[in-house]
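**Student:** A structural model of the following input is requested.
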Amino acid sequence: MAAGLLGVFLLALAIGSVSIPLDETLRVLVGHEPHDPRWTVVIREIRLPRALTAVLAGAALGVAGLQMQTLFRNPLADPYSLGVSSGASLGVALVVAGVGGSGGTFTASVAGSGRYGIVVASAAGAAVVLGAVLALAQWVRSVVTLLVIGVILTSAVGSLVSLLLTWTAPQRAIQYWMWSLGSFAGTSNADLAVFAPIVGAGLLLALLTVKPLNALLLGENYARTLGLRLRHVRAATLLGASLLAGAVTAFCGPVAFLGIAVPHIARRALGTADHRLLVPGTMLTGAGLALACSIGSQLPGTDMVLPINVITSLVGAPIVIAVLLRARAAVAGVA
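**Tutor:** The predicted model follows:
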């Protein structure tokens with residue numbers, strides 16, 4: 001997996017509207033001057049930040065999805081089911097609706113406008129919803145009930161976003177729509193200096209919880225007999241997954257399907273449910289798949305760029321359908 005990820009990473013740097021030979025790409029990476037000086041700018045300023053963003057986003061969403069599927073014992077669970085994505089979308093909608101108005105609004109004045117305004121607003125919206133979910137987790141014992149609450153929160157926040165966009169000028173509504181399509185190409189080196197440590201902290205937290213996640217595979221009652229403090233484990237898992245998903249949404253927009261699809265690909269590839277292998281395997285699988293989707297979205301050899309959600313949906317939707325059909329077949333076989 002690591003070797004495959006390295007290969008896809010080099011392809012992401014070499015392939016684009018202008019193809020750069022692999023040997024020249026390696027020369028740039030090791031600090032040497034290529035034959036064409038323009039390739040240095042293309043790789044270091046455009047393609048390298050985009051590729052690193054895809055690696056971080058894919059690993060983060062894959063691990064977050066794995067944590068949620070284990071916690072809820074549901075193959076279709078992911079952090080967005082808890083409303084993290086909808087909360088981030090609400091924060092962005094509030095800023096987009098306020099920027100440009102006479103005198104501005106409270107949200108615009110706090111978050112500011114432009115790139116960092118959207119990032120701050122997205123992170124704040126995700127944090128608000130996360131806080132609500134963590135508070136409810138202290139009172140709700142059933143993870144299934146908590147998942148249902150997350151779905152309800154997602155629906156309610158989505159309705160509020162639609163209402164805000166109805167009252168927003170068309171130009172600003174288009175700005176929100178473009179953000180909602182997702183992109184790995186909007187981050188700079190300065191963004192990565194913030195994005196990478198946040199994702200790193202979330203991934204480290206996931207690695208520290210592999211034993212509790214393994215215990216949860218056999219059910220909450222079994223985990224409780226092992227002395228596992230379920231509330232603490234649940235809170236740590238929700239916090240880690242929401243931190244990962246919230247950071248990705250803030251910098252890349254709501255990226256679809258990776259959180260659901262990547263854990264299933266990793267399980268099939270490794271043939272195990274042991275989180276000691278599955279967590280690092282999911283990181284590598286998610287990073288590689290996100291890079292492949294990033295390459296596909298650039299339409300190599302042309303100047304056209306597709307929204308990243310177009311590619312991730314085309315890849316992830318068949319996987320989710322296959323999971324549903326396999327689950328149905330398994331139930332039919334038991335019956």
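
**Student:** measure Arg73 to Leu258 for me?
**Tutor:** Distance of Arg73 to Leu258, computed by C-beta to C-beta, to the nearest Å: 21 Å. Bear in mind the C-beta positions are built from the backbone N, C-alpha and C, glycine included.

**Student:** now the helices for the stretch 101-250 of the chain?
**Tutor:** Secondary structure of the stretch 101-250 of the chain by DSSP state H, counting those that start in this stretch: the helices cover 106-111, 114-137, 143-166, 170-180, 189-208, 210-216, 220-225, 230-252.

**Student:** Nearest to Arg44 among those would be which one?
**Tutor:** Closest to Arg44 of these is helix 189-208 (C-beta to C-beta; 8.7 Å).

**Student:** any idea of the angle the closest one forms with helix 114-137?
**Tutor:** In terms of direction (axes from the mean of the first three to the mean of the last three C-alpha atoms, to 10 degrees), helix 189-208 departs from helix 114-137 by 20 degrees.

**Student:** can you list contacts of helix 189-208?
**Tutor:** For helix 189-208, the surrounding residues in contact (C-beta atoms under 8 Å, 6 or more residues apart in numbering) are 49, 52-53, 56-57, 59-60, 63-64, 66-67, 115, 119, 187, 236, 239-241, 243-244, 247-248, 251, 279-280, 283.

**Student:** returning to what we had before: just give me the lowest mean pLDDT stretch among the helices of the stretch 101-250 of the chain.
**Tutor:** Looking over the helices of the stretch 101-250 of the chain, mean pLDDT reaches its minimum on helix 106-111, with a mean of 36.

**Student:** circling back to that earlier point, what about Arg73 and Leu258, which has more around it?
**Tutor:** The residue with more neighbours, out of Arg73 and Leu258, is Leu258; 29 against 15, by other C-beta atoms under 10 Å.

**Student:** With Asn214 as the reference, measure out to the more buried one.
**Tutor:** With distances taken as C-beta to C-beta, Leu258 is found 23 Å from Asn214.

**Student:** would CSV of the helices of the stretch 101-250 of the chain with distance to Pro263 be doable?
**Tutor:** As requested, the helices of the stretch 101-250 of the chain are exported to CSV (distance: least, C-beta to C-beta, whole Å):
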stretch, distance to Pro263
helix 106-111, 33
helix 114-137, 20
helix 143-166, 16
helix 170-180, 24
helix 189-208, 12
helix 210-216, 12
helix 220-225, 19
helix 230-252, 12
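
**Student:** nearest to Val41, of those?
**Tutor:** The closest of the helices of the stretch 101-250 of the chain to Val41 is helix 189-208. By C-beta to C-beta, the value is 12.9 Å.

**Student:** name the helices or strands packed onto the helix or strand Ala93 falls within?
**Tutor:** Following DSSP states H and E, one finds Ala93 within helix 84-98. Counting contacts by 3 or more C-beta pairs under 8 Å, 6 or more residues apart in numbering; DSSP states H and E, helix 84-98 packs against helix 106-111, helix 114-137, helix 143-166, helix 170-180, helix 230-252.

**Student:** For PyMOL, write a command that selects the buried ones of the contacts of helix 189-208.
**Tutor:** Buried residues among the contacts of helix 189-208 (16 or more other C-beta atoms under 10 Å), as a PyMOL selection:
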select buried, resi 49+52+53+56+57+59+60+63+64+66+67+119+187+236+239+240+241+243+244+247+248+251+279+280+283
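
**Student:** ok, now how distant is the residue nearest to Leu306 when sequence neighbours are not counted from Ala287?
**Tutor:** Distances taken as C-beta to C-beta, 6 or more residues apart in numbering put Ser297 closest to Leu306, at 4.6 Å, once the chain neighbours are dropped. Distance of Ser297 to Ala287, computed by C-beta to C-beta: 16 Å.

**Student:** So for these two, which residue has more residues nearby?
**Tutor:** Using other C-beta under 10 Å, the more surrounded residue of Ser297 and Ala287 is Ala287, with 28 against 22.

**Student:** Quick check: Ile319 vs Leu258, distance?
**Tutor:** Per C-beta to C-beta, Ile319 is found 10 Å from Leu258.

**Student:** again, but for Trp179
**Tutor:** According to C-beta to C-beta, Trp179 and Leu258 sit 17 Å apart.
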